[in-house]
Structures are given as structure tokens and as C-alpha cells.
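S.K.: let me see the structure of the following:
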Amino acid sequence: MSIFPPVPVHSPKAHPSMEEMKCPSPNLARMHLIKGKDAIDRYLATHIKGLSKQEAAAYRSSYMKNICIDMLRQGYHKSFAELFSLIEKWNAFREASGPGSAIWLEKSLGEQPDKLDQLHYFLTRAEAAQRSEFYEEVYSNQLNLAYCFNKPEDKWLRNYFYEQCYKTAQLVKIDGGKKEAEAHSNMGLVYEEQGQFLKAVEHYEAFHQLTVGRIWKDDTGQTYNSVACEHLWRIYTLLADKMLGNKEHQQAIRTLIKAFEMAKEENKKMEGEAAYCLGLAYHSVGEQKTAVSKLNTYLEISKMLGDYTGLGRAYQALAQVLISQGEVADAIMYMEKFMNIAKKVQLNQSLVDACTFLGNIYNTSGNYSKACEYFHQAFTAANALSDLALLNETKVFSGIGKAHNMMLKVNSHTEAADHVSIKYLLAWKENRSDMCNDPFTVDAENEEKSEETSRSPIISTNTS
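M.R.: Numbers count the residues shown, from 1 in each chain. All right, here's what the predicted structure looks like:
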């Protein structure tokens, strides 16, 4: 068996402390703090006696150089070469990015002692395990290195070690394929983050195949097969969205059907989301009957889960399909149902969406007074939210509805062109009142207000 103690694979908290990872020589842990050859010479002459030539040289060298020397002295030539290669790779990234880039302002990998400590510790352990052909330990150390470099600026290092894990996992033959499954999952994540969805699909599908019928679980207690289903549902949906953007509708539908099948294996929430996406895709190609069927599935799942946001999306999508079929009355019925639910449970965002949608339906059909009514309700609901952009948007809709309503009345009086209509238009033009009101009445009201204003100073003087 290995002479090294086992290292836990999944918990980053299990990584050794800096004290445990420092190099064998006690002086190496401090040498990177001393800058300048003259300062080092003075320090050696006044504070430290009886040092060997090697120890004195260590104080004069950089921390990276000492790490490399320590690796070579212990015979870890492969670890040294790998570390040196990673440093060169980082330098190449920096040069390619050029001055002014974010990476240009960062310290080189060779100038970051904490990262060098992690690399020294795990690389040498992995190499020692590889010599004994203990590939499970090699994999564990490489995976721990991937966990060490999970910050955004270190993702390239994390991806490198995920690739190394994937290669090592092919050599592990005694765990039933568990590590190989993990490696496929991690590689799928790498390609998904890079936007290479087809490659991500290949790895996630391999992950799923290896986990069928297995009871392997991750740190959260979720089975690997469940995780695989979730990954495939997500990546299929992303891939289909990209296809729809490229007008590849039929291929997108086939991909979304795969996503729906994966979601059905996982949970109802995911199944509903998959049905919704599939319904919209069928609607985009004109297969309205199938679209309604899938959207009704989403509607029923949302009702069952008490998901009012999902309920709103389902009603709105169904209304859009019905409008495309000319069934405007049914579409309005669906949206009014949801609007009442949104009011009842105080879903202001959903209420804004529903009222805006209904306002647009009536505005398109020429029922401008009804459109104004719903746009005003949307504006009122938006006032309850701290979203200035949404509030301004509802103001615009309200303005559009009022303008259309006003123009309808202006046009009707203009087309009549009789004495009463002309007098009506002139009175409206004079006071710029709401065209829905009688301008003569407005004039009378304005006169009364002006008379009250003119009398008010006299009243106040007498009172005083």
C-alpha cells in the first residue's frame, strides 16, 4: 500500500494547512520574505551561524526556485516539469492578453507562494502514487488541486487538473467506473462554461450512462444519476436555445424532447420547465395543437406545485398560442384568470405582466378605452415595486393607450366636420383636457376654479 496518508476527494476543507505543506527545510518557509542580495548577506552574517552552502543559497533564491530545487532533490522530476510548464503557460496567457488586460496586472504564478505550496504538495504526492500505480490516489490528488483553484482568475488551472483527472480516471479499474463518471461530469462543466455545448453533451451523456442503476451519491446526498439527468436537461435546453437562434427549429425540438425525457426522470419542477420550452418551440413552427398540449402540462404542474410565477408564464404562453389561432376571447379569459390570482396572492410583477399583456391585446384590437384601463392597472402595480425601469415602461404603455384613445375621438369629430364637432374640437384645443371628457364641461369647471381662486385672497383678508 501507499506510504502516503489518504486525502479526502470532495471536501476542500480537508486540504492540508500551510504549515503541513511547507517544504522539508524549515528555512524555505521564510526565504521568500527576504528581498535583495545585500540584505540577505547582512542577515546571514549577523543572525544565522553555521549554515551549509545549500541553506545559504536557499536564502538567496526565490521561493519558486527553492520549490523547484526541493522537487528535484527528492527525485520528483515529473512534478518539477509540470510545475514549470504551468508557469510558462501562465506567462504565455499574460503575453497574449497584452498590457492593460486584467491578467497583466496579476502576479505571476511563480510569485504566489500559497499556490506554489499547493502545487508542490499535491503534485509530488500524485507522482509518488503514480510510480506505485496507485491511480486512485493520483486521481484524488489531481482532483484536490482542481478544488484548490476554483476562483475565477484560476479557472484555467482548475480546468487543466480536471483534464488530468479525466486521463487518470481511464486507468482506474477497481471502482466500477465511479471516478470515470466524476471525470466526465467535470469535463462537461468545463466545456459548458466555454460555450462548447456539443462537447459538453458528449461528456454529460457518458456520465449518465455510467451512473444508470448506481447508488453513488455526492457530498449533498444526491445520486450521481440524478445529477446527470439535471446536467443533461440543462445542456439540452441551452443547445436547443442556440439552435432556435439559428432557425434550426426541427433539430431544436428533437433536442428539447431529450431534455423533457431527462427532466421527467428527475423532478416535477424540471419537467414543467422542459414542457414549457417545448411548447414554445412547437408554437414557433406552427404546431399549435402540440404546443397547447405541452403548455397545459406546464400549467397543471405549476398548479400542483403552487408555483404562481410558473402559472403566469403558462397562462401567458397559452394566450399567445390562442391569439395566433384567432381565439382572442379565450386568450383574454386565460389572462384574466391569472390576473385575479396575481391580485389575490399579491404577485405585483406577474400582475404587471398580465395587465400589460391584456392592454396590448385590447390596444391591437382597437378597444383603446379598455387598453387604457389595463395599462393603468399595470402602472399601479409597478408603483408597488422598486423598479424604476419597469415603472417607466408602464408609463409609456399608458401614454400609448391614452394617445390612441384620444386620436380615435379626434378623428371621429374631424371626419364629422359639422358645426358642433368643430366647436367641440376648438374647445378641446383651447384647454387640452382629456378627450374622453366633455370639453365644454371642463371649461365650466375651470371657470369655477378661477373664480374661487380670485375670491380666496379677499376671504383670507376678511378672516384675518
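
S.K.: when you work out contacts or count neighbours from here on, use the C-alpha atoms and nothing else.
M.R.: OK.

S.K.: tell me how far residue 333 lies from residue 353.
M.R.: In this view, residue 333 and residue 353 are 15 Å apart by C-alpha to C-alpha, to the nearest Å.

S.K.: the two - which one has more neighbours?
M.R.: Shown here are residue 333 and residue 353; by other C-alpha atoms under 10 Å, residue 353 has more neighbours (20 against 14).

S.K.: what residues does that one make contact with?
M.R.: By C-alpha atoms under 8 Å, 6 or more residues apart in numbering, the residues touching residue 353 are residue 378.

S.K.: give me the phi and psi angles of it.
M.R.: Per-residue torsions, residue 353: phi -60, psi -50 (degrees, to the nearest 10).

S.K.: can you read off the pLDDT for it?
M.R.: The model reports residue 353 with a pLDDT of 86.

S.K.: and if you look at residue 188?
M.R.: 96.

S.K.: my guess is it contacts residue 203. True?
M.R.: Yes. Look at residue 188 against residue 203 with C-alpha atoms under 8 Å: they come within range, at 5.1 Å.

S.K.: who has more neighbours, the two?
M.R.: Neighbour totals were compared for residue 188 and residue 203, and residue 188 leads with 27 against 22 (other C-alpha under 10 Å).

S.K.: now name the helix or strand holding the more buried one.
M.R.: helix 178-193 (DSSP states H and E).

S.K.: so which other helices or strands are in contact with that helix?
M.R.: Secondary structure elements in contact with helix 178-193, counted by 3 or more C-alpha pairs under 8 Å, 6 or more residues apart in numbering; DSSP states H and E, are helix 155-169, helix 197-211.

S.K.: chain center to that helix, what's the gap?
M.R.: Its chain's C-alpha centre and that of helix 178-193 lie 19 Å apart, by C-alpha atoms, centre = their mean, to the nearest Å.

S.K.: that helix to helix 197-211, inter-axis angle?
M.R.: Between the axes of helix 178-193 and helix 197-211, defined by axes from the mean of the first three to the mean of the last three C-alpha atoms, to 10 degrees, the angle is 160 degrees.

S.K.: what residues of helix 178-193 count as buried?
M.R.: Neighbour counts over helix 178-193 (16 or more other C-alpha atoms under 10 Å) mark 178-192 as buried.

S.K.: mind showing which ranges of this protein have poor pLDDT?
M.R.: For the chain, the stretches flagged by pLDDT under 70 are 1-61, 432-464.

S.K.: mind naming the longest helix for it?
M.R.: Identified as the longest helix of the chain according to DSSP state H is helix 388-416.

S.K.: give the next helix or strand downstream of it.
M.R.: In N-to-C order, the element after helix 388-416 by DSSP H and E is helix 419-431.

S.K.: now for that following helix, which elements pack on it?
M.R.: helix 388-416, helix 439-463.

S.K.: just checking, what packs against the helix or strand residue 83 falls within?
M.R.: Secondary structure assignment for residue 83, by DSSP H and E: helix 77-97. Helices and strands touching helix 77-97, by 3+ C-alpha pairs under 8 Å, 6+ apart, are helix 63-73, helix 113-131.

S.K.: could you tell me the angle between the helix holding residue 188 and helix 155-169?
M.R.: Using the same axes, to 10 degrees: helix 178-193 against helix 155-169 is 150 degrees.

S.K.: I'd like the numbering to begin with 28 instead of 1 from here.
M.R.: OK, 28 is where the count begins now, so the last one is helix 205-220.

S.K.: hmm, who's touching helix 205-220?
M.R.: 186, 189-190, 192-193, 196-197, 199, 224, 226-231, 233-235, 237-238, 243, 255, 262.

S.K.: how does it look with 7 Å?
M.R.: 186, 189-190, 192-193, 196-197, 224, 226-228, 230-231, 233-234, 237 (C-alpha atoms under 7 Å, 6 or more residues apart in numbering).

S.K.: run a quick neighbour tally on the residue nearest to residue 261 when sequence neighbours are not counted.
M.R.: With sequence-adjacent residues excluded and distances taken as C-alpha to C-alpha, 6 or more residues apart in numbering, residue 261 is closest to residue 286, at 7.4 Å. Per other C-alpha under 10 Å, the neighbour tally for residue 286 reads 29.

S.K.: for residue 286, give its distance to residue 307.
M.R.: Counting by C-alpha to C-alpha, the gap from residue 286 to residue 307 is 14 Å.

S.K.: nearest to residue 128, of the buried residues of helix 205-220?
M.R.: residue 217 (22.9 Å; C-alpha to C-alpha).

S.K.: what's the closest of the helices and strands packed on helix 104-124 to residue 271?
M.R.: Relative to residue 271, the nearest member of these by C-alpha to C-alpha is helix 140-158, separated by 43.2 Å.

S.K.: by contact count, what packs against the next helix-or-strand element following that closest one?
M.R.: Scanning forward in sequence from helix 140-158 by DSSP H and E, the next helix or strand is helix 162-175. When contacts are defined as 3 or more C-alpha pairs under 7 Å, 6 or more residues apart in numbering; DSSP states H and E, helix 162-175 sits against helix 140-158, helix 182-196.

S.K.: can I get the ones you listed in a markdown table with mean neighbour count and distance to residue 167?
M.R.: Shown next, in a markdown table, are these (neighbours: other C-alpha atoms under 10 Å; distance: least, C-alpha to C-alpha, whole Å):
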| stretch | mean neighbour count | distance to residue 167 |
| --- | --- | --- |
| helix 140-158 | 19 | 8 |
| helix 182-196 | 20 | 8 |
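
S.K.: mind putting those helices in TSV, distance to residue 110 included?
M.R.: Shown next, in TSV, are these (distance: least, C-alpha to C-alpha, whole Å):
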stretch	distance to residue 110
helix 140-158	7
helix 182-196	11
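
S.K.: ok, and what's touching the helix or strand where residue 357 lies?
M.R.: Assigned by DSSP H and E, residue 357 belongs to helix 355-372. For helix 355-372, contacts defined as C-alpha under 7 Å, 6+ apart pick out 339, 342-343, 346, 349-350, 375, 377-378, 381, 385.

S.K.: ok, now with 6 Å
M.R.: 342, 346, 349, 378, 381 (C-alpha atoms under 6 Å, 6 or more residues apart in numbering).

S.K.: out of the residues you listed, which is most surrounded?
M.R.: The residue in those with the most neighbours, by other C-alpha under 10 Å, is residue 381 (29 neighbours).

S.K.: how far away is that one from residue 313?
M.R.: Counting by C-alpha to C-alpha, the gap from residue 381 to residue 313 is 24 Å.

S.K.: could you do residue 195 as well?
M.R.: 49 Å.

S.K.: same question, residue 405
M.R.: Distance from residue 405 to residue 313, by C-alpha to C-alpha: 30 Å.

S.K.: those two: which is more packed in?
M.R.: Each of residue 405 and residue 313 has its neighbours counted (other C-alpha under 10 Å); residue 405 has more, 30 against 14.

S.K.: in three-state terms, label that one for me.
M.R.: Taken by DSSP: H, G, I helix; E, B strand; the rest coil, the conformation at residue 405 corresponds to helix.
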